[in-house]
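[1] no FASTA, just this:
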């Protein structure tokens, strides 16, 4: 997957990387890739292709339909592979190679997704207006940049269904999140847009405890002491 | 770095330092070296140490916030040949994580290195078979690394109950049935007898520990199928735990759970004239639609 350089997108990505909303922060990721398999991507793609074909030969009915299309078609398998590779590139601390088609879902369309995103990012837009002080609103700038890169009219939109367990959407302090893959088959490009809202309080606690151990420890003690008043 | 002229003072200094490290059990601190070699200026000492470190003749480690230098054995010298200080730092951090491994994000935090550097270093170390990636059942998608030769701990692999990162419910089911039948036939058995029976029956090729059998027995106890009793055993001359079939099993449903009130989450907020009342109860509406 080749990372696509585009300055307006990079500006937005940099702004979204850390947006301070008072008690919360937004960690956003907005990057576009060209669906060209290079180096280690090729190896992963071959392994995935092989695994999917093997499980297909064992139970063909299961794979007749999937969110990315019938897995009997190589185009659907390619779509799945691009989605997985994009996640691997976006989050290098994680390895999504074990994901399969049922971990994703196909969204109804750009319009519905756009509405969800616009509603989620209202406060973010206010911060942009205050800090960047441009005449264009945040949402205008966002969608015009996205459209330049990916041409929304020809896009299929997918989303990764996180189980919030050991992936970036279930990290400490996570309150809500969304993630969307805008896949333009004609242009052979994928644009990934995700925002994770985290609680500042939880993150402060996490940074205090991580000085001791290698990874976060579950604070179960205080929950066990909570009593339901009967 | 080319080796210094054997007759030169620098070479003799390096030899002296290496020998002192060798002789001292647990390595030497800089202060100890200064005490032993009082005529050598600190600068020369420092540069000699750096040379020895870069040649992997010596390595550094910290204990109780003191820096020690100790010799590297011949085997390791070959393994670490050509590795820079950043690679060694990453190696040492991974080494410290022992059989639990360390997540790449924690690795970045501890080493203060950036993602592209870490990616490159990990690739180098993996290529040399010094480290390996492991999959943890607790955090399935995280990239975790540990030293190549170390066996991952049971927490990571899931122990006996996980086959290839997947929870093997079937296997546990088979074991439970076998244990239940055994208890039924024998009347009263100890955990050791259960373990011996299952091993000999060949129900599993995997070598299970006593704790694993305890876990299986516990699931049967919690399900009310098997009972745990503590009795005085004349053979052992002590109280031992026995397992036998439950005289009374836990019923699937009873009167309390069969009506909505029995399992109502807002039972304590329900009153005749409140927002939540029997008259407006949605659960009853649902329940009566049969």
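    Yes, it's here. Small disclaimer: the values here were computed from a predicted structure and weren't measured. Residues are numbered from 1 along each chain as shown, chains lettered A, B, ... in the order given.
[2] in the chain, which helix has the most residues?
    If you meant another chain, say so; for now it's chain A. If you go by DSSP state H, chain A has its longest helix at helix A:40-58.
[3] that's the wrong chain, I meant chain B
    Chain B, longest helix under DSSP H: helix B:169-186.
[4] Now find how far off-centre that one is within its chain.
    On the basis of CA atoms, centre = their mean, to the nearest Å, helix B:169-186 sits 29 Å off its chain's mean C-alpha point.
[5] Same question for stretch A:90-108.
    Its chain's average C-alpha position is 8 Å from that of stretch A:90-108, according to CA atoms, centre = their mean.
[6] first vs last residue of it, how far apart are they?
    24 Å (CA to CA, to the nearest Å).
[7] which SS state does the residue of the stretch 151-290 of chain B found nearest chain A fall under?
    As assessed by CB to the nearest CB, chain A sits closest to residue B:268 within the stretch 151-290 of chain B, at 6.2 Å. The C-beta positions use only the backbone N, C-alpha and C, and glycine is treated the same way. Assigned with DSSP: H, G, I helix; E, B strand; the rest coil, residue B:268 falls in the helix class.
[8] Find me the pLDDT at it, would you?
    Confidence at residue B:268, expressed as pLDDT, is 88.
[9] Equivalent analysis for residue A:221, please.
    With respect to pLDDT, residue A:221 scores 46.
[10] Which parts of the stretch 151-290 of chain B are strands?
    For the stretch 151-290 of chain B, applying DSSP state E, counting those that start in this stretch gives strands covering B:162-163, B:166-167, B:226-233, B:238-245.
[11] Which of the helices or strands spans residue A:175?
    Using DSSP states H and E, residue A:175 falls within strand A:174-184.
[12] Tell me the bridge partners for residue B:70.
    residue B:59 (DSSP bridges).
[13] and residue B:197, how many neighbours?
    Using other CB atoms under 10 Å in any protein chain shown, residue B:197 has 19 neighbouring residues.
[14] Name the nearest residue to it, sequence neighbours excluded.
    In space, and not counting its chain neighbours, residue B:197 is closest to residue B:182: 5.1 Å by CB to CB, 6 or more residues apart in numbering or on different chains.
[15] Pretty sure the one you found sits against residue B:189.
    Yes. In terms of CB atoms under 8 Å, residue B:182 counts as a neighbour of residue B:189; the distance is 6.7 Å.
[16] okay, these two: which has more neighbours?
    More neighbours surround residue B:189 than the other of residue B:182 and residue B:189, with 19 against 16 (other CB under 10 Å).
[17] Go ahead and confirm that one touches residue B:181.
    No. Here residue B:189 does not reach residue B:181: they are 11.4 Å apart, not a contact under CB under 8 Å.
[18] For chain A, which segments are assigned as helices?
    In chain A, the helices defined using DSSP H lie at A:7-16, A:40-58, A:74-90, A:110-120, A:122-131, A:138-150, A:200-209, A:221-224.
[19] Please apply the same query to chain B.
    Taking DSSP H as the test, the helices found in chain B are B:9-23, B:30-36, B:42-54, B:74-79, B:85-96, B:104-111, B:115-127, B:154-157, B:169-186, B:191-201, B:210-222, B:255-258, B:282-287.
[20] How about residues contacting the first one?
    Helix B:9-23 has contacts (CB atoms under 8 Å, 6 or more residues apart in numbering or on different chains) with B:3-5, B:27-28, B:32-33, B:36-37, B:40, B:44-45, B:48-49, B:51-52, B:57-58, B:69-71.
[21] Quick one: the helices of chain B as a markdown table, columns for distance to residue A:180 and mean pLDDT too.
    Listed next are the helices of chain B as a markdown table, based on distance: least, CB to CB, whole Å; pLDDT from 0 to 100:
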| stretch | distance to residue A:180 | mean pLDDT |
| --- | --- | --- |
| helix B:9-23 | 58 | 81 |
| helix B:30-36 | 56 | 81 |
| helix B:42-54 | 49 | 82 |
| helix B:74-79 | 46 | 79 |
| helix B:85-96 | 35 | 88 |
| helix B:104-111 | 24 | 90 |
| helix B:115-127 | 23 | 90 |
| helix B:154-157 | 33 | 76 |
| helix B:169-186 | 34 | 86 |
| helix B:191-201 | 50 | 84 |
| helix B:210-222 | 42 | 86 |
| helix B:255-258 | 43 | 82 |
| helix B:282-287 | 35 | 87 |
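[22] With distance to residue A:125 added, can I get those in JSON lines?
    Listed next are those as JSON lines, based on distance: least, CB to CB, whole Å:
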{"stretch": "helix B:9-23", "distance to residue A:125": "62"}
{"stretch": "helix B:30-36", "distance to residue A:125": "57"}
{"stretch": "helix B:42-54", "distance to residue A:125": "53"}
{"stretch": "helix B:74-79", "distance to residue A:125": "55"}
{"stretch": "helix B:85-96", "distance to residue A:125": "41"}
{"stretch": "helix B:104-111", "distance to residue A:125": "30"}
{"stretch": "helix B:115-127", "distance to residue A:125": "29"}
{"stretch": "helix B:154-157", "distance to residue A:125": "43"}
{"stretch": "helix B:169-186", "distance to residue A:125": "48"}
{"stretch": "helix B:191-201", "distance to residue A:125": "63"}
{"stretch": "helix B:210-222", "distance to residue A:125": "52"}
{"stretch": "helix B:255-258", "distance to residue A:125": "50"}
{"stretch": "helix B:282-287", "distance to residue A:125": "38"}
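[23] and the stretch 101-250 of chain B, which residues reach chain A?
    Contact residues, the stretch 101-250 of chain B versus chain A (CB under 8 Å from any CB of the partner chain): B:102-106, B:108-109, B:115, B:119, B:133, B:135-136, B:138-143, B:165.
[24] Apply 7 Å and report the result again.
    With CB under 7 Å from any CB of the partner chain as the criterion, the stretch 101-250 of chain B meets chain A at residues B:102-106, B:115, B:119, B:139-143.
[25] In chain A, which residue is most central in space?
    Nearest residue to the geometric centre of chain A (CA atoms, centre = their mean): residue A:179, 3.7 Å.
[26] beta partners of that residue?
    With DSSP bridges as the rule, residue A:179 is bridged to residue A:194.
[27] how about the residue of chain A found nearest chain B, what does it touch?
    For chain A and chain B, the shortest gap (CB to the nearest CB) falls at residue A:166, measuring 3.4 Å. Neighbouring residues of residue A:166 by CB atoms under 7 Å, 6 or more residues apart in numbering or on different chains: B:139-142.
[28] cool, and residue A:163?
    By CB under 7 Å, 6+ apart, residue A:163 has no neighbours at all.
[29] Same check on residue B:249?
    So residue B:249 contacts B:224-225 (CB under 7 Å, 6+ apart).
[30] Report the spatially nearest residue to residue A:169, omitting neighbours in sequence.
    Residue A:169 sits nearest to residue A:162 (CB to CB, 6+ apart), 3.9 Å away.
[31] The one you found: neighbouring residues, count only.
    Neighbour tally, residue A:162, other CB under 10 Å: 17.
[32] quick one: pLDDT of it?
    Residue A:162 carries a pLDDT score of 89 in this model.
[33] And it, its phi and psi?
    Here is the backbone geometry of residue A:162 (degrees, to the nearest 10): phi -80, psi 140.
[34] so it makes contact with residue A:170?
    Yes. At 6.5 Å, residue A:162 and residue A:170 qualify as touching, with contact defined as CB atoms under 7 Å.
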